[in-house]
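[1] Predicted model follows, preceded by the sequence.
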Amino acid sequence: MCSKGVKNRSGFKFNGLNEYTISDESFAFSPEKTFECGQCFRFNRTASGSYEGVLDGRLVSVSGKNGYAKVTVIEGPCDLDFSGYLDSFFDVSTDYSKLSSELSAKDDVMKEAVTASFGIRLLRQDFFETVISFIVSANNNIPRIKKCIESICLNYGKNIGGKAFAFPVAETLSKVSGEELAKVCRVGYRGPYIANTARLFAEGKADFEKIKALSLSDKYKTVLSFPGVGPKVLNCIMLFSGLDRSAFPVDVWVERMMNELYGLKDTDRNKLEKYGKEYFGDNAGLAQQYLFYYIRQIHGK
DNA sequence: AACCAGGATCAAC
DNA sequence: GTTGATCATGGT
């Protein structure tokens, strides 16, 4: 693979100013599909077709296509370390072309889903932000989830220049009452869940590095113990924070998908989750995301 | 005006 | 272990 250390490091390269780029024909990437497939909530399309969002305390603009990506820092520091953050965030080391062809071979439904969804990358997102975001997502719709999260950032996050705000740190959120969160950020009954889970983080009882070191089943048990986290939100957190790429979240859309596309009559989401994990194995997470994007596209979302 | 959205929680069985 | 009511909010 790597020939005696003379090869440049693969992944994002820093241009010394404010741009980070990756150019590699095996880098499967669609900004639109990646940012609009429901795995993240803070990236929005701009007039030029690029996507703007906040990452690691910086406001960035992302553009690209298969084989190429460019990240421009609009607000915040530009340092060499950020290229490593981007490698992790965009899961650069995973070969999505390879995984996609493996999934396509499973069945015709999956084959169509891959065709519709190719270019999605499973992001490796900040753990605390992912936990809080998916607590907000429960029994909620994507446009409103995004509004709630932006409000949380605007009211309790650090300003990083212009009108951009970072996702708040746990110490800050833990001092806000659930009632205030409900009133100010319109999160409804999820307010106390957010406050209490943020408290766990602030008290050091939800340390990502420690959780990462646990066995897979203990990771699941620990995250499931957070207030406001049930089976579905649990799987989203595992998948989108990079803790387990074989997670298989089943929401109303995935249930609909498995009923309509796979002909399964079951409506028990725990059973559907088990089925998905067994059927797709190690790649269940990516399969789920392809199918989620695909079924929503069929229904005009 | 009911119904829906990337569901979780608690009580009751 | 499984089922049902209840939980805010805003859009359709």
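    Done, it's in. These figures come from a predicted structure and were not determined experimentally.
[2] what distance separates the start and the end of stretch A:77-91?
    End-to-end distance of stretch A:77-91 (C-alpha to C-alpha, to the nearest Å): 22 Å.
[3] right, is it up against DNA strand B?
    No. Judged by C-beta under 7 Å from any atom of the strand, stretch A:77-91 makes no contact with DNA strand B; its nearest approach is 14.7 Å. C-beta here means a position set from N, CA and C on the backbone, and glycine is covered the same way.
[4] Now do that stretch: distance to the chain's middle.
    Offset of stretch A:77-91 from its chain centre (C-alpha atoms, centre = their mean, to the nearest Å): 16 Å.
[5] buried sites along that stretch?
    For stretch A:77-91, burial by neighbour count (16 or more other C-beta atoms under 10 Å) applies to A:78, A:82, A:83, A:85, A:86, A:87, A:88, A:89, A:90.
[6] okay, now the closest residue to the last one other than its chain neighbours: neighbour count?
    Spatial nearest neighbour of residue A:90, excluding adjacent residues (C-beta to C-beta, 6 or more residues apart in numbering): residue A:121 at 5.6 Å. Residue A:121: 24 surrounding residues under other C-beta atoms under 10 Å.
[7] Let me know whether stretch A:120-137 sits next to DNA strand B.
    Yes. Stretch A:120-137 comes into contact with DNA strand B (C-beta under 7 Å from any atom of the strand), by way of residue A:137.
[8] Please tell me how far that stretch is from the chain's geometric centre.
    5 Å.
[9] ditto for stretch A:19-39
    Offset of stretch A:19-39 from its chain centre (C-alpha atoms, centre = their mean): 13 Å.
[10] Return the set of buried residues in it.
    Result for stretch A:19-39 [16+ other C-beta under 10 Å]: buried residues A:20-22, A:27-31, A:33-39.
[11] Quickly note the distance from whichever residue of chain A sits closest to DNA strand B to DNA strand C.
    Using C-beta to the nearest atom of the strand, the closest approach of chain A to DNA strand B is made by residue A:230 at 2.3 Å. With distances taken as C-beta to the nearest atom of the strand, to the nearest Å, residue A:230 is found 10 Å from DNA strand C.
[12] pLDDT value on that residue, please?
    Predicted confidence (pLDDT) for residue A:230: 98.
[13] Does it touch residue A:138 like I think?
    Yes. Using C-beta atoms under 8 Å, residue A:230 makes contact with residue A:138 at a distance of 7.3 Å.
[14] Of the two, which one has the most company?
    Set residue A:230 next to residue A:138 and count neighbours by other C-beta under 10 Å: residue A:138 wins out with 19 against 12.
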